[in-house]
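Participant: Provide a 3D model corresponding to the input given below.
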Amino acid sequence: MLETSMADSGLGDADDDDFDEIVEAYDSQLPEHRYLDRELSWLSFNQRVLELAEDPTLPTLERANFLAIFASNLDEFFMVRVAGLKRRIMTGLAVPTNVGRAPVEVLADISTEAHRLQLRHAEAWQSLVRPDLAAAGIEVVSWDGLDAAARESLYDYFHAQVFPVLMPLAVDPAHPFPYISGLSLNLAVRIRNARTGRQEFARLKVPSMLPRFVKLPGDDGPTAKYLPLEELISNHLDDLFPGMEVLDHHAFRLTRNEDVVIEEDETENLIQALEAELLRRRFGPPIRLEITDDMDEVTLDLLLKELDITEQEVYRLPGPLDLRGLFDVSRIDRPDLHYPPHVPTTAVAFQPGDNNERPDFFSAIRKGDVLVHHPYESFATSVQAFLEQAAKDPHVLAIKQTLYRTSGDSPIVQALIDAAEAGKQVLALVEIKARFDEAANIVWARKLEKAGVHVVYGLVGLKTHCKLALVIREENGVLRSYSHVGTGNYNPKTSRIYEDFGLFTVDAEVGRDLTRLFNELSGYAIEKKFKRLLVAPLHLRKGLLRLIDKERRNAQAGKRAHIRIKVNSLVDEQIIDALYRASQAGVKVDIWVRGICSIKPGVTGMSENITVRSILGRYLEHSRIFLFHGDGSPQAFIGSADMMHRNLDRRVEALVRVVAEPHVAALHALFDLAMSEGTSSWWLGPDGEWTRHARGEDGKPLIDMQDKTMAGVQRRRRARAVR
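Facilitator: Residues are numbered from 1 along each chain as shown. Okay, here's the model as predicted:
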């Protein structure tokens, strides 16, 4: 069991001030330059994605998908991280970064590294993935490579499907330079008036609602040819500018600041404020201009002047621009070019009975906590089916749930609507500030309200990021709480590709914790004590610091000590410093991180006991796990929180303590596999460089952790549940 201070989630008591003083004293003894730059670390993460696209052993369409992921990731990095740095510089609020450097210097480093990565990305497409696709019968061709028959059929397609929606915009004294929307693909066209001889400029937006790569008519079956849409348009410009001489044309693409900034106060209507900000987002200042490498200086100078953008922010690339369009290509139905199918299993505890009758989730959970691992174990037959049963069950009185991101046709939302219409009390805490999902969440929030669901939007100034569901059920005159705490969103679509854990329990302590937390989120309660939860922003960091420090003290006392942490990102300086101190005391520290990592492992005298691994693949490693040896009394937590300032200070996050011994053992077994030298992964060095280890000394591929985990789950399904 946890000691009393820890059972209260580390919010603490009179000893807290002493604990803080000890932490500050330790910090002063650590080296000054002990963190890796968070922005450059993020770019290193995206380089790891790119390395998967470059790997010839992976299925070709999956490699195309990784190229699209890289492009999409980098867009978001510029729209949020780079935009944030620029905004702080422009407003004079440019505080030093996490490594003590001026934002202007970091921006210069970002520019250098982003230029290098974008050129490498373009080269991976042109020299690696595109030829391999062509060898498999999927060709992305250029206009020059088409025969007369193909050009004629495309001409018909152009006039039937493309020409009617094109809107060429002239730029002259009577027509000011048009607004260029963020992430839109455009053609800059220079033309000459045949009558006056005067040169003019026009901008033509490539319609985003049309297929990015146009399939050539008549190409059916497993082989096909595709033409980039901008090539189709650019080779029919004479039809758009009759009577004019087309002199030149070039593709370009602009990225704008799209980081939403909402100023909240107690009286503001948050939804209206957010809707207004979403409209303003389209008009954010430019932060990156991508152009094709053949663009002439006259056109470039015009764009620089009209867009008010610097040379440093120009990315000159070989075409085609905007390889997010490869998402569509990667979905081509060619099983031989995709990963072999993984079919999620139903968690053993929730499988139908011997007579194939429907599982009773409440009965199954009463037998013991159930830990499910997505996507290896099905979300649809666990979380979704649990909520659907709760919505229909006449003994269920109330359902309370957080919704951070969900799908457009969410059966989760429908279950809440069904429950409300059946007369149950239903509370949905909808986080309408979930970045880039704000508009969809506003739609769902209003639909829920119309159905009679009590919809709340969380606490002022905080995002509600925790993944919680609570079902109150009457059983023989007693109210029982069925809880679900997860590491991922209640989204049936992403649950098929996001790796996450979820814990179902009927434990009364967890039920009381969730009841108190929901009361705090929906009302005016200020809850200070939780039993099996660690909750941010008040308790979580301090609770983890106490657990880390306990391992440090155990190591100093000669006891065995071990810390294992799996997160998406590790940036928080207090957590990192605590891990450094633990390492100095001899604690073995395993860090498994998907994205940003600011900790420096393997530094003599500071972090030689810290090992950092990263695993990417067909599934997005999304779960957060925290394991502590506890001198033989292990402590294990799963939940929604990454080790970042925003998660620990500006979000409502929750970790739940996992208590069943088989569950704790299963989490450790997963870690053993991830950290094994026989598993394919990236290793972080003290210099911030990530090195891929994908093959053994014999040249054979190392273990794919995700494949091995799926095989293990399927074997377990055939045996028995981990209870």
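Participant: What are the contacting residues of the host helix or strand of L371?
Facilitator: L371 is part of strand 370-374, with elements assigned from DSSP states H and E. Applying CB atoms under 8 Å, 6 or more residues apart in numbering, the contact partners of strand 370-374 are 344, 347, 349-350, 364, 382-383, 488, 495, 498-505, 658, 660, 663, 666, 709, 713, 721-723. Every C-beta, even on glycine, is put in place using the N, C-alpha and C of the backbone.
Participant: quick one: that strand to chain centroid distance?
Facilitator: Put simply, strand 370-374 sits 20 Å off its chain's centre (CA atoms, centre = their mean, to the nearest Å).
Participant: Need the pLDDT of L237.
Facilitator: We note a pLDDT of 94 for L237 in this prediction.
Participant: The one 10 residues further on too?
Facilitator: At L247 the predicted local confidence, pLDDT, stands at 91.
Participant: before we move on, what about R203?
Facilitator: R203 is given a pLDDT of 92.
Participant: Strand partners (parallel or antiparallel) of the strand holding L371?
Facilitator: strand 498-505 (antiparallel) (DSSP bridges).
Participant: can you pull the buried residues of the strand it pairs with?
Facilitator: Residues 498-505 are the ones in strand 498-505 that count as buried (16 or more other CB atoms under 10 Å).
Participant: Just confirm L429 contacts T402, I think it does.
Facilitator: Yes - counting by CB atoms under 8 Å, L429 does reach T402; the two are 4.6 Å apart.
Participant: Which neighbours do those two have in common?
Facilitator: Common neighbours of L429 and T402 (CB under 8 Å, 6+ apart) are 464, 521.
Participant: These two: which is more packed in?
Facilitator: Using other CB atoms under 10 Å as the criterion, L429 and T402 rank with T402 on top: 28 against 23.
Participant: From R646, how far out is the more buried one?
Facilitator: Distance of T402 to R646, given as CB to CB, to the nearest Å: 17 Å.
Participant: Straight-line length of stretch 604-615, end to end?
Facilitator: Using CA to CA, to the nearest Å, the end-to-end distance of stretch 604-615 comes out at 25 Å.
Participant: taking the mean pLDDT, what do you get for that stretch?
Facilitator: 97.
Participant: For that stretch, give me every contacting residue.
Facilitator: So stretch 604-615 is in contact with 30-31, 34, 45, 48, 579-580, 582-584, 586-594, 597, 599-602, 621, 674-675, 679-684, 686, 690, 705-706, going by CB under 8 Å, 6+ apart.
Participant: So which of those belong to strands?
Facilitator: 588-593, 621, 681-684, 690 (DSSP state E).
Participant: Got a quick PyMOL command for the buried subset of those residues?
Facilitator: To isolate the buried members of the ones in strands among the contacts of stretch 604-615 in PyMOL, using 16+ other CB under 10 Å:
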select buried, resi 588+589+590+591+592+593+621+681+682+683+684+690
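Participant: Where does pLDDT dip in the stretch 101-250 of the chain?
Facilitator: Scanning the stretch 101-250 of the chain for pLDDT under 70 picks out 172-175, 219-221.
Participant: ok so, going back, CA atoms only for the strand holding L371 - export them in PDB, please.
Facilitator: The C-alpha trace of strand 370-374 is given here as PDB (Å, rounded to 0.1, in the frame of the first residue of the first chain):
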ATOM      1  CA  VAL A 370     -10.000  -5.400 -16.000                       C
ATOM      2  CA  LEU A 371      -7.000  -3.800 -17.800                       C
ATOM      3  CA  VAL A 372      -7.500  -3.500 -21.600                       C
ATOM      4  CA  HIS A 373      -4.700  -2.700 -24.100                       C
ATOM      5  CA  HIS A 374      -5.800  -1.000 -27.300                       C
END
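Participant: Next one, pLDDT for E621 please.
Facilitator: Model confidence at E621 (pLDDT) stands at 97.
Participant: Identify the residue nearest it in space, chain neighbours excluded?
Facilitator: Leaving aside its sequence neighbours, E621 sits nearest to R594 (CB to CB, 6 or more residues apart in numbering; 4.6 Å).
Participant: Got the phi and psi for the one you found?
Facilitator: phi -90, psi -50 (degrees, to the nearest 10).
Participant: ok, it - contacts?
Facilitator: Residues near R594 by CB under 8 Å, 6+ apart: 45, 567-569, 614-616, 620-622.
Participant: Ok, V430 next?
Facilitator: Here V430 is in contact with 403, 441, 444-445, 448, 455-457 (CB under 8 Å, 6+ apart).
Participant: show me what contacts L503?
Facilitator: Residues near L503 by CB under 8 Å, 6+ apart: 369-372, 483-486, 638, 656, 658, 663.
Participant: Closest to D308 out of those?
Facilitator: Nearest to D308 among these is G486, at 44.6 Å by CB to CB.
Participant: Any idea what the closest one is bridged to?
Facilitator: The residues listed as beta-bridge partners of G486 by DSSP bridges are K467, G502.
Participant: Surely it is in contact with E499?
Facilitator: No - assessed by CB under 8 Å, G486 is found out of contact with E499, at 11.8 Å.
Participant: now the buried residues of strand 498-505 as TSV including distance to R87?
Facilitator: Output for the buried residues of strand 498-505, formatted as TSV (distance: CB to CB, whole Å):
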residue	distance to R87
Y498	30
E499	33
D500	32
F501	36
G502	37
L503	39
F504	43
T505	43
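Participant: Out of those, the closest to P320 would be?
Facilitator: Distance to P320 across those (CB to CB) is lowest for Y498, with 29.1 Å.
Participant: My guess is the closest one contacts T487. True?
Facilitator: No - Y498 is beyond contact range of T487, at 9.0 Å (criterion: CB under 8 Å).
Participant: any common contacting residues for those two?
Facilitator: H622.
Participant: Can you list the buried residues in the helix ranked longest in the chain?
Facilitator: Longest helix in the chain, counting residues (DSSP state H): helix 103-123. Within helix 103-123, the residues scored as buried using 16+ other CB under 10 Å are 103, 106-107, 110-111, 113-114, 117-118, 120-122.
Participant: could I get that helix in PDB with only the CA atoms?
Facilitator: Coordinates of each C-alpha in helix 103-123 appear next as PDB, following Å, rounded to 0.1, in the frame of the first residue of the first chain:
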ATOM      1  CA  PRO A 103      14.100  32.300 -28.800                       C
ATOM      2  CA  VAL A 104      15.700  34.200 -31.700                       C
ATOM      3  CA  GLU A 105      18.700  31.800 -31.600                       C
ATOM      4  CA  VAL A 106      16.400  28.800 -31.300                       C
ATOM      5  CA  LEU A 107      14.400  30.000 -34.300                       C
ATOM      6  CA  ALA A 108      17.600  30.100 -36.300                       C
ATOM      7  CA  ASP A 109      18.400  26.500 -35.300                       C
ATOM      8  CA  ILE A 110      14.900  25.400 -36.100                       C
ATOM      9  CA  SER A 111      15.100  27.000 -39.500                       C
ATOM     10  CA  THR A 112      18.400  25.200 -40.300                       C
ATOM     11  CA  GLU A 113      17.200  21.800 -39.200                       C
ATOM     12  CA  ALA A 114      13.700  22.100 -40.700                       C
ATOM     13  CA  HIS A 115      15.300  23.100 -44.100                       C
ATOM     14  CA  ARG A 116      17.500  20.000 -43.900                       C
ATOM     15  CA  LEU A 117      14.600  17.700 -43.000                       C
ATOM     16  CA  GLN A 118      12.200  19.000 -45.600                       C
ATOM     17  CA  LEU A 119      14.900  18.500 -48.300                       C
ATOM     18  CA  ARG A 120      15.500  15.000 -47.000                       C
ATOM     19  CA  HIS A 121      11.700  14.400 -47.000                       C
ATOM     20  CA  ALA A 122      11.400  15.500 -50.600                       C
ATOM     21  CA  GLU A 123      14.400  13.300 -51.600                       C
END
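Participant: Done for today, thanks.
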